[in-house]
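Enquirer: Take a look and give me a structure for this.
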Amino acid sequence: MKKLLSIVILSTTLVGCLQKEIVDDVNLETGSAYDYIGGKIRGTALIPFYLSDKTVENKTFSASSNLSRDFLRDIQRQSSDPLVTGSLKVVLFGERLAKEKGILDLIDSFQRDPSIGARLYLAVTEGEAKSVFKGKYGERGNAIYLSNLIRHNMKSKDVPRTDLQRFMVDFNQKGKSPYLPRIKKLDKENVEISGLSFFRYGHVVDTIPADKMFYFKLLVDKYSQGTLKVDIGKEAAAIESIKSNYKLRLISRKPLIVQINIQVKAILNEYSGVKITQGKIKKIEKKLEDDIEVECEKLTKRFQSKKTDPVGFGHFIKSKTRGFNFSKWETDYKDLKVNVQADVSITESGVID
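Expert: Numbers count the residues shown, from 1 in each chain. You can find the predicted model right below:
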């Protein structure tokens, strides 16, 4: 009996030590945006307010500082209720901040916060990040809309998978460069993923447009779904349900040659010509193979010229080479020859003539 009484007293004491956070009595930060303005970093917190008519008002609080931890303290002074970060879904970095100041200090503060999940989505914006929050996208709040936009495009479109955890793994892994999706605000009710930004030492050093994302994803990720338009002269074909895989092979060390084998399986869903035949299907497969090989090799040369390695050639060659010297790799990388071989197979045809 005494033992039971002691347990009850101890449990009551421990519960009393916990900080109570009732959802109705706190402001849940669902999105953060960071910009470089006037020599300081401006942080913006996005808070959804749920109105009686079941709509969501997107309210923002902003503060400027040189330390990321100061933002939350300064913004707390603007909020009528305590501000908590446990519901953070997306973080946006303004274009100027990502290029000039870099984002590593900010990302480090996120990964050190135990209330923030490792699957947090990150993105770079065209122009100021705060302006992206100053819109109204969907009915569930801007942060949920933006996180769903990124998730959807990673799952079934051309954006390769990345988040807070993957970004930090790529950054800390020698021979691999991180990347993030790039978001553009079209108007007050619409945004789009306009490309991918690539980082070197935490700074954006290159960006590819949306029409190149398909080829980059083939180099670093697997398609489980996807769509693509292929032009064959004056005719066009719609390729859907794309599934892909890739494999790197070290062909030679002197000179350094890496071969990337890319396999693509897809369904031909639509064809603008009069009639589809097996011969025309073969032509579409060959055209897509040629496009993949040319565009992927162009991308690898571009990365070499920008001194970024988002494909992870350095990490791959290290895994195949005893006594690999990373300081020498900086020089060797620019001379690396990359061959891409694509194998495209159209497994079905559900063509509408």
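Enquirer: Can you get me a residue count around the closest residue to residue 329 other than its chain neighbours?
Expert: Once flanking residues are discounted, residue 329 sits nearest to residue 314: 5.3 Å by Cβ to Cβ, 6 or more residues apart in numbering. For every residue, glycine as well, the C-beta is placed using N, CA and C. Residues contacting residue 314 under the criterion other Cβ atoms under 10 Å number 21.
Enquirer: Give me the buried positions along the helix or strand hosting residue 314.
Expert: Element membership for residue 314 (DSSP states H and E) is helix 313-319. Across helix 313-319, burial judged by 16 or more other Cβ atoms under 10 Å covers 313, 314, 315, 316, 317, 318.
Enquirer: May I have the residues that are in contact with the last one?
Expert: What that stands for is residue 318. Residue 318 sits next to 174, 175, 324, 326, 329 when contact means Cβ atoms under 8 Å, 6 or more residues apart in numbering.
Enquirer: wait, what's in contact with the second one?
Expert: For residue 175, the contacting residues are 309, 312, 313, 314, 315, 316, 317, 318, 326, 329, by Cβ under 8 Å, 6+ apart.
Enquirer: excluding its backbone neighbours, what's nearest the second one?
Expert: Think residue 312. In this structure, residue 312 finds its nearest non-sequential neighbour in residue 176, 4.1 Å apart by Cβ to Cβ, 6+ apart.
Enquirer: The one you found: neighbour count?
Expert: By the criterion of other Cβ under 10 Å, residue 176 has 19 neighbours.
Enquirer: For it, give its distance to residue 146.
Expert: According to Cβ to Cβ, to the nearest Å, residue 176 stands 26 Å off from residue 146.
Enquirer: try residue 255
Expert: For residue 255, the distance to residue 146 (Cβ to Cβ) stands at 45 Å.
Enquirer: With neighbour numbers in mind, choose between those two.
Expert: Higher neighbour count among residue 255 and residue 146: residue 146, with 27 against 10, using other Cβ under 10 Å.
Enquirer: In this structure that one contacts residue 137, no?
Expert: Yes - contact between residue 146 and residue 137 holds when scored by Cβ atoms under 8 Å: they sit 7.0 Å apart.
Enquirer: between those two, what contacts are shared?
Expert: residue 191.
Enquirer: what's the spacing between stretch 54-66 and its chain's center?
Expert: Centre-to-centre, stretch 54-66 and its host chain are 23 Å apart (Cα atoms, centre = their mean, to the nearest Å).
Enquirer: tell me which residues in stretch 250-269 are buried?
Expert: By 16+ other Cβ under 10 Å, the buried positions in stretch 250-269 come out as 256, 258, 260, 262, 263, 264, 265, 266, 267, 268, 269.
Enquirer: Show me the strands in the stretch 201-350 of the chain, by range?
Expert: Using DSSP state E, counting those that start in this stretch, the strands of the stretch 201-350 of the chain run over 203-209, 227-232, 235-253, 256-271, 337-352.
Enquirer: Same list as before, these that is, but in JSON lines and with distance to residue 221 and mean pLDDT included.
Expert: Output for the strands of the stretch 201-350 of the chain, formatted as JSON lines (distance: least, Cβ to Cβ, whole Å; pLDDT from 0 to 100):
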{"stretch": "strand 203-209", "distance to residue 221": "14", "mean pLDDT": "98"}
{"stretch": "strand 227-232", "distance to residue 221": "15", "mean pLDDT": "85"}
{"stretch": "strand 235-253", "distance to residue 221": "8", "mean pLDDT": "91"}
{"stretch": "strand 256-271", "distance to residue 221": "11", "mean pLDDT": "93"}
{"stretch": "strand 337-352", "distance to residue 221": "15", "mean pLDDT": "84"}
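Enquirer: I'd like the ones you listed laid out as TSV, including distance to residue 53.
Expert: What follows is the strands of the stretch 201-350 of the chain, written out as TSV (distance: least, Cβ to Cβ, whole Å):
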stretch	distance to residue 53
strand 203-209	40
strand 227-232	37
strand 235-253	39
strand 256-271	41
strand 337-352	43
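Enquirer: what about those strands, which gets the closest to residue 217?
Expert: Nearest of the strands of the stretch 201-350 of the chain to residue 217, taken as Cβ to Cβ: strand 235-253 at 7.9 Å.
Enquirer: so that closest one versus strand 227-232, what angle?
Expert: Using axes from the mean of the first three to the mean of the last three Cα atoms, to 10 degrees, the inter-axis angle of strand 235-253 relative to strand 227-232 is 100 degrees.
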